[in-house]
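give me a 3D structure for the following:
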Amino acid sequence: ASDPAFLDAENITNGFGIKQFKTALATFDLKDGIKGFDPIGINGIHYYLGNDSGLRHTFIDTTVHNGFKYYYAVVSYNKGYPEGGIIPAESPMRISLQANGSVKLGKNVAVVTPEAPAAGYVPPSLGKISLVQGTTTGKINYNIFDINKIKNNHVYYITFQDTLKKAKTSNAPDILTTKDYTLTDSTDNVILVDRSENFGPEYRQPIIDGFKLSFNNVERVSLNRKESSWTSNKIPPFVFERFVYGQISGEQRPDDYDIIFGNIGEGKSTALTLKTLFGTNKLPAEDVNFKVYNKSADKFIKFGFLEVDTTGGKGKLTAKGALKDRIIFLEPNANDSLVFTWWFYLASDTTGGYRFPQAGDTAHIRLNKPFLSSDIFRFVSKEGFIDVRKAKVDLNNIKVVPNPYAAAALWEPKNPYSSGRGLRELHFTHLPAKATIRIFTIDGELIKIIYHNSQFNDGTEIWNMLSRDKDRKSTCLNSSHTDISRMPSSA
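Below is the predicted model of the structure:
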């Protein structure tokens, strides 16, 4: 509202045409099925309970105008008690107008006056939050909430710990997922967030050094079906899964792979012995028409070949009904010993016009990868500053509003006194952060000097229309001069 009593927001009339309720600027309610209008109502009107939008902790008002003062109140409400004929109720707004015209605000009320920034102002930034180590596909974003608290040239790092969640059923694989994150200011050598497990989209991250992070994560390592494909659409779709054979389960390596096909001898499989409760299955080393490339590690890896269909010839990846050849990925662990990770096979045979992969074909395997212990993000904060070159150009935007000043300005507060003119305001906008304003009569008499010194995000100076002798002056501005000699000489 623009009125401290919120009278301009009180525009909902009841069945008798009397204003009774205020229109909310925005409503955010729990997703609990309680929505729409309350069934009881009062005097012919019903309270709106929301539309199950879900709670939000931020709101941007795009309807404001520079120079005007706006009051905002955040209230909670309940659904009432329909069974007992009780309508919904709101928590109160705490605000009072003092005898001297000032306004006393409660904890749930704020007052804001938007203004144009100072000439040449370049807002603060955290730049790009870049992945400097690791392979995660998760993204980290930020919002700046307090431009005056952003530190200059501070280097921050975000690191993670992962964990292996036990599967809910005995035949399902365990899940490799994110456990927590840590935010460190390496410039000050300070840990700002220490192993927080709260990084879901529903969690409200703390505001630190003027900014707030947000995380876009995935729950587990899995195939990214949108980014994974064959180079030819004539080949059957493929299946890429964690290796499971009897009691053996492979590691969920968070890497991307390419399987490159050529002629027989393009690659050679590794001899393996697979053991189950019912015996062993020995896989020989043999020449095959493919090789496996770990794109994330930038190297070719070893593999075994479980060949059960040889109708197309030995050493070729094929399938016939339920008989499907499988490529078993073998990769070194921390001790440089080969361990099982994934396996790869065709989802179907050539039924439906498909063909088997041949020389020149490649299977691109791309994974969704949560934030893991191997991932490190880095970003550098830049505080807001005045760009002198931009400031000189922006000086052309300096304005005096309203000009001419005729009787009153729309943004002036209501007169709290029973008599008299009340407060008057003439605004000088788009000023440099530091400037001197001299105001003259039409005869050249200097009547006022204003020394402007503000934060970079505020380029406005307000004149109360009083001379330096405290006399009220004409309602039309005669002449003014802005001296920018106090503007910084460098950015």
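
look up which residues are beta-bridged to the closest residue to D188 other than its chain neighbours.
Among residues not flanking D188 along the chain, H154 sits closest, at 7.1 Å (C-beta to C-beta, 6 or more residues apart in numbering). Where C-beta positions appear, they are placed from N, C-alpha and C, glycine not excepted. Note on H154: beta-bridge partners by DSSP bridges are S381.

distance-wise, check Y405 relative to W463.
Separation of Y405 from W463 (C-beta to C-beta, to the nearest Å): 10 Å.

need the residues touching each of the two.
L426 (C-beta atoms under 8 Å, 6 or more residues apart in numbering).

low-confidence ranges, the stretch 101-250 of the chain, go.
Low-confidence segments of the stretch 101-250 of the chain (pLDDT under 70): 167-173.

change it to 80
Along the stretch 101-250 of the chain, segments meeting pLDDT under 80 span 101, 166-174, 201-202.

now for P370, how many residues are close by?
22 (other C-beta atoms under 10 Å).

go on, A391?
21.

looking at this, it is in a strand?
No: going by DSSP: H, G, I helix; E, B strand; the rest coil, the assignment for A391 is helix, not a strand.

got the phi/psi numbers for the closest residue to it other than its chain neighbours?
Closest residue in space to A391, ignoring its immediate chain neighbours: G120 at 2.5 Å, by C-beta to C-beta, 6+ apart. Main-chain dihedrals, G120, degrees, to the nearest 10: phi 80, psi 10.

distance check, T135 against S374.
Where S374 is concerned, T135 sits at a distance of 7 Å (C-beta to C-beta).

neighbour count for these two, which is higher?
T135 (18 against 15).

contacts only, for the more buried one.
254-256, 296, 369, 374-375.

now G250: how far from Y48?
For G250 relative to Y48 (C-beta to C-beta), the value is 54 Å.

swap that for I462, please
According to C-beta to C-beta, I462 and Y48 sit 38 Å apart.

and S2, by the same measure?
From S2 to Y48 the distance is 22 Å (C-beta to C-beta).

what of V64?
On the measure of C-beta to C-beta, V64 and Y48 end up 23 Å apart.

now swap in R220 and tell me
40 Å.

how about the helices in the chain?
Using DSSP state H, the helices of the chain run over 388-394.

quick one: low-confidence parts of the stretch 251-400 of the chain?
For the stretch 251-400 of the chain (pLDDT under 80), the answer is 276-278.

what's the first-to-last distance across stretch 70-85?
End-to-end distance of stretch 70-85: 36 Å, with C-alpha to C-alpha, to the nearest Å as the criterion.

would you mark the buried spots in that stretch?
Under the neighbour-count criterion of 16 or more other C-beta atoms under 10 Å, stretch 70-85 has 70-73, 77, 79-80 buried.

what do you get for stretch 99-116?
Buried, per 16+ other C-beta under 10 Å, within stretch 99-116: 103, 105, 109, 115-116.

who touches that stretch?
4, 64-75, 91, 93-98, 397, 413, 416-417, 423, 429-430, 457-460.

buried subset of these?
4, 67, 69-73, 93, 95, 413, 429-430, 457-460.

what's the farthest-apart pair in those?
By the measure C-beta to C-beta, M93 and H430 form the most distant pair in these, at 34.1 Å.

ok, F16 - contacts?
43-44.

so it versus E202, what's the distance?
43 Å.

mind checking how far D458 is from P432?
11 Å.

which residues do these two both contact?
Common neighbours of D458 and P432 (C-beta under 8 Å, 6+ apart) are A118.

from the contacts of T135, which is closest to I449?
Closest to I449, out of all of the contacts of T135 and judged by C-beta to C-beta, is D375, at 57.6 Å.

burial count for the closest residue to the closest one other than its chain neighbours?
Leaving out its chain neighbours, the residue that sits closest to D375 by C-beta to C-beta, 6+ apart is G134, at 3.1 Å. Neighbours of G134 under the rule other C-beta under 10 Å: 18.

check E90 too.
E90, neighbours per other C-beta under 10 Å, totals 14.

sorry, back to before: ok, of the contacts of T135, which come out buried?
For these, buried by 16+ other C-beta under 10 Å: 254-256, 296, 369, 375.

residue contacts, the residue nearest to D188?
With contact taken as C-beta under 8 Å, 6+ apart, H154 is in contact with 185, 187-188, 209, 380-381.

possible to save these as TSV with neighbour count and distance to F290?
Shown next, in TSV, are the contacts of H154 (neighbours: other C-beta atoms under 10 Å; distance: C-beta to C-beta, whole Å):
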residue	neighbour count	distance to F290
D185	17	48
T187	14	49
D188	13	52
D209	18	51
V380	17	43
S381	23	48
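
which of these lies closest to I150?
Distance to I150, by C-beta to C-beta, is smallest for S381 among the contacts of H154, at 5.4 Å.

all strands for the stretch 351-491 of the chain, in order.
362-365, 367-368, 376-381, 385-386, 399-401, 426-429, 434-440, 446-453, 461-463, 479-483 (DSSP state E, counting those that start in this stretch).

can I get those in JSON lines including distance to G321?
JSON lines is the format used below for these (distance: least, C-beta to C-beta, whole Å):
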{"stretch": "strand 362-365", "distance to G321": "21"}
{"stretch": "strand 367-368", "distance to G321": "29"}
{"stretch": "strand 376-381", "distance to G321": "47"}
{"stretch": "strand 385-386", "distance to G321": "69"}
{"stretch": "strand 399-401", "distance to G321": "79"}
{"stretch": "strand 426-429", "distance to G321": "77"}
{"stretch": "strand 434-440", "distance to G321": "81"}
{"stretch": "strand 446-453", "distance to G321": "82"}
{"stretch": "strand 461-463", "distance to G321": "82"}
{"stretch": "strand 479-483", "distance to G321": "85"}
